[in-house]
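Novice: quick check, what structure comes out for this input:
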Amino acid sequence: MKNKTPLIGIVVGTLLVFWSISQNGDLSSFYDFPAIVITVFGSFSALIISFPIKSILKIPIMIKKLISSPPNNRKELVTIFTDLARKARKDGLLALEDDISAIDNEFLVSGLQMVIDGVEPDNIKEIMESKLDALEDRHRSGQAVFSKWGEFAPAFGMIGTLIGLVVMLAELEDPSMIGSGMSVALITTFYGSLLANMIFIPIASNLAVQTDEEIYTGEMIIDGVLAIQRGSNPRVVEDKLLTYLSPVEKKELANAADLTKEASNYE
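Specialist: Below you'll find the model as predicted:
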């Protein structure tokens, strides 16, 4: 599912900046190609020095992830685990083999498969937690790239400003040119601050939130898998997993259950 909110935020923020400029000055005075080069490519060069190439190559993947809705199917997971627990108590763990083929969640399927294969609970927990830790490490490394880029952009903006000031003062013959020369010199600082606070840092924050969501859902899955392995009562499994839902999600799930019950009674 596509998540257009970050793109909308970037577009709206950029338009507000341009609108503010147009209300008080000329848009053309805020364009300077050398300033763009030193801010964007200079900060990117520092990024290449700071991270291994495999992390840099993840940038397109992270941007793609930015516009994808974070997996938040916890309401559905409560229903899935409750049904699986009910079937496991009635027909045994081996009966779950037919059900996992219809589940579109690799992490959940791997856990259930270990349960069916008779893997010890401690080993199941250890393996699933290791997978979750590895996923978090991969995602955090991508977030670190954008976070660091957000630090480099203003710094290179300031470097561009200093270069502009040095050039202006070295070639200054007419004092009346100080104003225009100063405005050109400050453009790179503007570019650096805009890129950092409008794009790079917000992207890093968004990715961090998505990762937290995935980890939280993963912890819920581990608890559900272990509960089924123990043969817990379906009601106990449901109550335990409901603790992972917000009050709004619990209400939505209850309403959906009521609607389903009403439909079955009507039939």
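Novice: for the stretch 151-267 of the chain, what spans make up the helices?
Specialist: Assigned by DSSP state H, counting those that start in this stretch, the helices in the stretch 151-267 of the chain fall at 178-195, 201-230, 234-242, 247-266.
Novice: let's have those helices in TSV, adding distance to residue 109.
Specialist: For the C-beta atoms, the positions are set from N, CA and C on the backbone; glycine is no exception. Formatted as TSV, the helices of the stretch 151-267 of the chain follow (distance: least, Cβ to Cβ, whole Å):
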stretch	distance to residue 109
helix 178-195	41
helix 201-230	10
helix 234-242	17
helix 247-266	22
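Novice: for residue 94, find the nearest of those helices.
Specialist: Closest to residue 94 of the helices of the stretch 151-267 of the chain is helix 201-230 (Cβ to Cβ; 12.4 Å).
Novice: ok, back up a step: could I get the helices of the stretch 151-267 of the chain in JSON lines, plus columns for mean pLDDT and distance to residue 159?
Specialist: Formatted as JSON lines, the helices of the stretch 151-267 of the chain follow (pLDDT from 0 to 100; distance: least, Cβ to Cβ, whole Å):
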{"stretch": "helix 178-195", "mean pLDDT": "79", "distance to residue 159": "7"}
{"stretch": "helix 201-230", "mean pLDDT": "91", "distance to residue 159": "19"}
{"stretch": "helix 234-242", "mean pLDDT": "90", "distance to residue 159": "52"}
{"stretch": "helix 247-266", "mean pLDDT": "64", "distance to residue 159": "48"}
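Novice: out of those helices, which comes closest to residue 83?
Specialist: Nearest of the helices of the stretch 151-267 of the chain (Cβ to Cβ): helix 234-242, 8.0 Å.
Novice: quick revisit: and residue 150, which of the helices of the stretch 151-267 of the chain is closest to it?
Specialist: Comparing the helices of the stretch 151-267 of the chain by their distance to residue 150 (Cβ to Cβ), the top pick is helix 201-230, with 3.8 Å.
Novice: contacts only, for residue 230.
Specialist: residue 121 (Cβ atoms under 8 Å, 6 or more residues apart in numbering).
Novice: same thing but at 7 Å, please
Specialist: Residues counted as contacts of residue 230 (Cβ atoms under 7 Å, 6 or more residues apart in numbering): none.
Novice: and of the helices of the stretch 151-267 of the chain, who's closest to residue 98?
Specialist: Shortest distance between residue 98 and the helices of the stretch 151-267 of the chain, using Cβ to Cβ, is found for helix 201-230: 14.8 Å.
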